[in-house]
Structure formats: C-alpha cells, structure tokens
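Asker: my questions concern the predicted model and sequence given below.
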There are 2 protein chains.
Amino acid sequence: MKLTELKAIQLAGLFSALSGASRVRIISLLIEGEMSVSVLAEGLKMTESAVSHQLRGLRQMRLVRARKDGRQVFYMLDDDHVIKLYSMGLDHVEHG
Amino acid sequence: MKLTELKAIQLAGLFSALSGASRVRIISLLIEGEMSVSVLAEGLKMTESAVSHQLRGLRQMRLVRARKDGRQVFYMLDDDHVIKLYSMGLDHVEHG
DNA sequence: ATAATATATGAATACTTGCTCAACTATTCA
DNA sequence: TGAATAGTTGAGCAAGTATTCATATATTAT
C-alpha cells in the first residue's frame, strides 16, 4: 500500500479535520440532522464565530456541506462516509 | 448520538494520531507487515528519533503495537480497525 | 569491562491550531 | 431607508505539535 506524499498529506488533512473535540462534537450533533450555526453554537456552548471557524475546516475536507436559507446556514454531513469514519473511530475508543 | 466531552476528546485524540502525513505514511508501510524503527526511518527518509516520537503517538492511541527482539523493536498495526479507518479515509480523499 | 548498535526521551525551536474580538457581508423586518 | 439578525473572516495570541539535537537505556559483540 504505497502512498504518495500528496495522498499522505490529503489523508492526514482529512483526519486533521476530525482531530479536535469541537469538530467531533459538531459531527455528533449533525448525525441527528441538519442544524444552523447558531443552534450548533448553543448546543456546543461555543461562540458562533468559533463554530464557524471549525465548520470551515470540516467544509474544506468535504465532511460537511452547507445549505443557505434566508439568513441562516444549515450544515449537514456531506455523506455517510463521514458517519462510518466517526462511528468506526468511536468503536475503537469504546471497545478497541 | 450525544457525545460526552470525555469521549469527544478521546475520539479527537484517535483522529489526531492519524492527522500527520508522517504518521499516515507509517501506517501505510505497516500495512505491508511489521517493521523495525530503522527500516521505517529509512523508508520515510526521516531520522529514527523523529520516527520514534511519532510512533509514541500511534502507540498511545493503540493504533500500533511493538514487539521487541534483541535490540530492535518491530512495530505492527494493532488490529484491523486501523486498516479500516485508513482505507475508509483513503477512499474518501480518492473518490469522495 | 568497553564499544557498537537500536531505540527512546527531554529540551529547544519553528510551525500550526483554536479561540476571542472586531469588522464585515447578506438577509429580513419595521 | 435604517436597525437587527445570522454568519463569515482576519488579526492576534496562547497552547499544542513536529522535528532536531544531545543524551540515556538496553542489548549484543569483542
């Protein structure tokens, strides 16, 4: 399984996107369904700015995507790839 | 899918262990089979010290484990959980 | 015992990240 | 139109990370 340096960087980038507790918690909330930034912020007890910054990292790695409705932006998981990564990771920490 | 803060931190820790290109490349080499630190270092073109530091992070998250034989230490993937996480991640970056 | 080899570890330093704060854009409401 | 609301963005700073270098430990060979 040889890996080019580029792929290694991309793959590390993907895992980096999941490498913070705030982002992991964002994912865990979005598993329940799409959610606006302010609702996320409230649920996470973080400022909207902080959440927005984190969402950018998740967006860049295509783990989440956004839907704008009026002045609200609803975020959702990009695909079920994400849920699989998340739950496989959770499985590892829980009964690894 | 509510997540305690502790679990969020543990899960983020797991993904952090995979969040660097060096560590991802270590995993990609270990998929082929166990390998000593110096062989890893040679394959990665990194110093043994740097590799050893990285291996510690991977060990702490139980992604790899070590087997000592004489003065060499052979590292291997801890279980096939790891391969699944890795290949699911690779799948996401390749045709995500 | 001494020397050589394989790895691990601690300190130092450069780089990266995560948050806050202030400023900005876009949308709705009056 | 102006004010309020929802979100984004950039600067700045504190905290964390990755590598290097020097040193330490464990094992083997002489």
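Answerer: Arrived safely.
Asker: what about A:Gly70, how many neighbours?
Answerer: 5 (other Cβ atoms under 10 Å in any protein chain shown). To be clear about C-beta, it is placed using only N, CA and C from the backbone, and glycine gets the same treatment.
Asker: can you tell me which residues contact it?
Answerer: By Cβ atoms under 8 Å, 6 or more residues apart in numbering or on different chains, the contact set of A:Gly70 is empty.
Asker: need the pLDDT of it.
Answerer: With respect to pLDDT, A:Gly70 scores 97.
Asker: anything in stretch A:24-31 near chain B?
Answerer: Yes - contact of stretch A:24-31 with chain B is found when judged by Cβ under 8 Å from any Cβ of the partner chain, involving A:Val24, A:Arg25, A:Ser28, A:Ile31.
Asker: near chain B, which residues of chain A?
Answerer: So chain A meets chain B at A:1-3, A:5, A:7-16, A:18-21, A:23-25, A:28, A:31-32, A:62, A:79, A:81, A:84-86, A:88-94, A:96 (Cβ under 8 Å from any Cβ).
Asker: quick one: buried ones out of those residues?
Answerer: A:3, A:7-16, A:18-21, A:23-25, A:28, A:31, A:62, A:81, A:85-86, A:89-90, A:92-93, A:96 (16 or more other Cβ atoms under 10 Å in any protein chain shown).
Asker: so which of the residues of stretch A:24-31 next to chain B sit within strands?
Answerer: If you go by DSSP state E, those have nothing in strands.
Asker: check for me that A:Arg62 belongs to a helix.
Answerer: No - counting by DSSP: H, G, I helix; E, B strand; the rest coil, A:Arg62 is not part of a helix but coil.
Asker: surely it meets A:Asp78?
Answerer: Yes - between A:Arg62 and A:Asp78 there is a contact under Cβ atoms under 8 Å: 5.1 Å.
Asker: helices of chain A, residue ranges please.
Answerer: A:5-17, A:21-30, A:37-44, A:48-60, A:80-95 (DSSP state H).
Asker: adding mean pLDDT and distance to A:Arg71, write these out as TSV.
Answerer: Below are these laid out as TSV (pLDDT from 0 to 100; distance: least, Cβ to Cβ, whole Å):
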stretch	mean pLDDT	distance to A:Arg71
helix A:5-17	94	26
helix A:21-30	98	20
helix A:37-44	97	10
helix A:48-60	97	12
helix A:80-95	92	26
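Asker: near DNA strand D, which residues of chain A?
Answerer: Neighbours of DNA strand D within chain A, by Cβ under 7 Å from any atom of the strand: A:36-38, A:41, A:48-49, A:51-53, A:55-56, A:66, A:71-74.
Asker: just the buried ones from the residues you listed?
Answerer: A:Ser36, A:Val37, A:Ala41, A:Val51, A:Leu55, A:Val73, A:Phe74.
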